[in-house]
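Pasting a predicted model and its sequence here:
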Amino acid sequence: MLYQTRRFSVPALARAAAIRVVALAQDIRRTDADTSYLDSLPPHHLADLGLRRMEDCHFHEITYR
């Protein structure tokens, strides 16, 4: 048969879901470290990277643009 429908197996779906969960956990962990590194940089280093520190007075959060 030239054209067959793809069959899903439970182990393959579980493996794919586990890989996605692990990747998401790594991305979350990496984002915290990157943000803390940016917090330690002086404004002229941020300008070299093309970023600017923005402080939100309502929520007391710092964002970078």
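Okay, I see it.

distance of residue 47 from residue 2?
Here residue 47 is placed at a distance of 59 Å from residue 2 (Cβ to Cβ, to the nearest Å). (C-beta placed from N, C-alpha, C; glycine too.)

Name the helix or strand of this protein that has the lowest mean pLDDT.
Evaluated with mean pLDDT, DSSP states H and E, the helix-and-strand set of the chain has its lowest mean pLDDT in strand 61-64, which scores a mean of 67.

pLDDT of the helix ranked longest in the chain, averaged?
Using DSSP state H to define each element, the chain has its longest helix at helix 10-40. Across helix 10-40, pLDDT averages out at 80.

Now do the buried residues in the helix or strand just after that helix.
Going down the chain from helix 10-40, the next helix or strand is helix 43-48, by DSSP states H and E. For helix 43-48, a neighbour-count test (16 or more other Cβ atoms under 10 Å) marks nothing as buried.

What helices and strands are in contact with the very next helix or strand once past helix 43-48?
The element immediately downstream of helix 43-48 (helix or strand, assigned by DSSP H and E) is strand 53-56. Of the remaining helices and strands, those touching strand 53-56 by 3 or more Cβ pairs under 8 Å, 6 or more residues apart in numbering; DSSP states H and E are strand 61-64.

redo that, cut-off 10 Å
The helices and strands touching strand 53-56, judged by 3 or more Cβ pairs under 10 Å, 6 or more residues apart in numbering; DSSP states H and E, are helix 43-48, strand 61-64.
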